[in-house]
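[1] Quick one, fold the following:
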Amino acid sequence: MLFLIAPILLVASCSSDVEGVPTNEKMYTSSIQKKEVYEFQQPAKSTIARGLITKNMNNALNINEIENGLMNLSVKHFPTEKFYMQEGQYLDEKMISQWLERKTEEGIGLNPAIENRTGNVLEDEKKYPLILSHVLEHNFINKKTNKIEGMSIAISLNEFYDIRVTDDNGLIYTGQVKVDENDDNIHDVKRYGKEVAEKIIKDLRKNEKVPRVPIYLTLYQESNINDIIPGVFLAETFMTQGEDTITKWSEVDKKYYLFPSDALYSLDQNMYNKLLNFKEEIQDGFKHLNPKIIGKLRYEDDQLTDIKIDVNVPLINDTELVGLLQLISTKLNFDYIPITVRVIDQGADVGIVLWDPIEKQIFATPL
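    So this is what the prediction gives:
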């Protein structure tokens, strides 16, 4: 059953001159308004490094973020009206795997070498953590010429290195270490990523099989393996067709925040309080189900662009589900931000509510 609930209780506005909107309230731009989507060149081609990303990166959340994030960040350099997108056709499994190896005397690997082995394999791994985890490639095809005229590269980096190592006797050791453990105000992951990027660009430019086209490159730092929000893009650069070296980096201001969290409260107290009111109203309406509510908010260039909310309600029945969806739909007073609310029962999605700030409509349905 699909039902549409009219948005009749909206009180906020995107316009700062509307009566009743506080002058100090942050104003946001809907990500739906800004989003541009690439067409894939047909017939679509799978990346030649297919399957490697799931082996190299620590969870599906980070895989989804780096793939979608790289595509969205590429738009300003390779506009959707001019280019088709194609999955990477030049970085194969062998090339990427060689980059991920530890550095050797021949200089093939890009991860840190273990300089002084102690005989304790676990401690050696902790002292020299692997930082580079994956390299993702996208290609951009000119719609008129049907030729590749651009490439985007995302270099994925570990904030936490999850260790699984075997000693000479076949014993397996596991552990985890944070890559940047000191307090010297130097972002070790970003610094290493920039060093690695220089070598990757050098390898690409001297490879005759890789077309000499403009390259957009970004650094992505994975979140921890059990985190419920994805990692962050750290920095970006763009190289023209004639450039062989990276001359300038820019910061990427795109971050995720959890609700509830002290970090979100410090960043945006007004939005935090709105979400708190929403949470309390849903919990008061269905006290017997004891709903657990968690939000994930995305900010880009200091603007909130997306809200996702999970409402966990174990053993909810069909009648209660319809009532809960109706209640949620009347409490989404966020006007200018696209919102997705998932109702979850014991790990499975059982209902969804979507607020579309462009159409000013709320869609809700059991699943």
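
[2] Surely Ile96 is in contact with Ser133?
    No. Look at Ile96 against Ser133 with Cβ atoms under 8 Å: they stay out of range, at 10.3 Å. Every residue, glycine included, has its C-beta placed from N, CA and C.

[3] Tell me the residues that contact both of the two, please.
    Counting by Cβ atoms under 8 Å, 6 or more residues apart in numbering, the shared contacts of Ile96 and Ser133 are Asn56.

[4] Now do the strands in the stretch 201-350 of the chain.
    Ranges of strands within the stretch 201-350 of the chain are 215-222, 232-239, 250-251, 254-259, 292-300, 303-312, 339-345, 348-356, based on DSSP state E, counting those that start in this stretch.

[5] chain center to the helix or strand containing Gln176, what's the gap?
    Using DSSP states H and E, Gln176 maps to strand 172-178. Computed by Cα atoms, centre = their mean, to the nearest Å, the separation of strand 172-178 from the middle of its chain amounts to 25 Å.

[6] Likewise for stretch 311-330?
    Centroid displacement of stretch 311-330 relative to its chain, using Cα atoms, centre = their mean, is 29 Å.

[7] same question, stretch 281-290
    Distance, stretch centre to chain centre, for stretch 281-290: 31 Å (Cα atoms, centre = their mean).

[8] Repeat that for stretch 127-142.
    Centroid separation for stretch 127-142 versus its chain: 14 Å, with Cα atoms, centre = their mean.

[9] now stretch 122-130
    Distance, stretch centre to chain centre, for stretch 122-130: 27 Å (Cα atoms, centre = their mean).

[10] May I see the buried residues of it?
    122, 124-126, 128-130 (16 or more other Cβ atoms under 10 Å).

[11] Identify, out of the strands of the stretch 201-350 of the chain, the most deeply packed stretch.
    strand 215-222 (a mean of 25; mean count of other Cβ atoms under 10 Å).

[12] In the sheet, which strands lie alongside that strand, parallel or antiparallel?
    Looking at strand 215-222 with DSSP bridges, its partner strands are strand 148-158 (parallel), strand 232-239 (antiparallel).

[13] Please name whichever of the ones you listed is nearest to Leu327.
    Among the strands paired with strand 215-222, strand 232-239 comes nearest to Leu327, with 33.7 Å by Cβ to Cβ.

[14] got the contact list for that closest one?
    69, 73, 77, 157, 187, 189-190, 193-194, 197, 201, 214-221, 223, 246, 248-252, 254-256.

[15] Go again with 7 Å.
    With contacts defined as Cβ atoms under 7 Å, 6 or more residues apart in numbering, strand 232-239 is touched by 69, 73, 77, 190, 193-194, 201, 214-221, 246, 248-252, 254-255.

[16] Longest helix of this protein, counting residues only.
    Assignment by DSSP state H gives helix 188-206 as the longest helix of the chain.

[17] okay if I get the strands of the stretch 201-350 of the chain as JSON lines plus distance to Ala113?
    JSON lines is the format used below for those (distance: least, Cβ to Cβ, whole Å):
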{"stretch": "strand 215-222", "distance to Ala113": "21"}
{"stretch": "strand 232-239", "distance to Ala113": "23"}
{"stretch": "strand 250-251", "distance to Ala113": "30"}
{"stretch": "strand 254-259", "distance to Ala113": "32"}
{"stretch": "strand 292-300", "distance to Ala113": "37"}
{"stretch": "strand 303-312", "distance to Ala113": "41"}
{"stretch": "strand 339-345", "distance to Ala113": "44"}
{"stretch": "strand 348-356", "distance to Ala113": "45"}
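
[18] would you turn these into TSV with distance to Met57 and mean pLDDT?
    TSV is the format used below for the strands of the stretch 201-350 of the chain (distance: least, Cβ to Cβ, whole Å; pLDDT from 0 to 100):
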stretch	distance to Met57	mean pLDDT
strand 215-222	6	98
strand 232-239	14	96
strand 250-251	23	95
strand 254-259	16	93
strand 292-300	19	95
strand 303-312	20	94
strand 339-345	23	96
strand 348-356	23	94
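
[19] For Leu91, find the nearest of the ones you listed.
    Between Leu91 and those, the tightest spacing by Cβ to Cβ is seen for strand 215-222, at 11.8 Å.

[20] Please write out the alpha-carbon positions of that closest one in CSV.
    Extracted C-alpha coordinates of strand 215-222, given in CSV (Å, rounded to 0.1, in the frame of the first residue of the first chain):
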residue,chain,number,x,y,z
ILE,A,215,42.5,14.4,-13.8
TYR,A,216,40.5,15.3,-10.8
LEU,A,217,41.9,13.7,-7.7
THR,A,218,40.6,13.6,-4.1
LEU,A,219,41.7,12.0,-0.8
TYR,A,220,39.1,10.0,1.2
GLN,A,221,39.6,8.9,4.8
GLU,A,222,37.6,5.8,5.8
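
[21] any chance of the strands paired with strand 215-222 in TSV, with distance to Asn270 too?
    Listed next are the strands paired with strand 215-222 as TSV, based on distance: least, Cβ to Cβ, whole Å:
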stretch	distance to Asn270
strand 148-158	33
strand 232-239	23
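
[22] quick one: which of those is nearest Phe40?
    Ranking the strands paired with strand 215-222 by proximity to Phe40 (Cβ to Cβ) places strand 148-158 first, at 13.8 Å.
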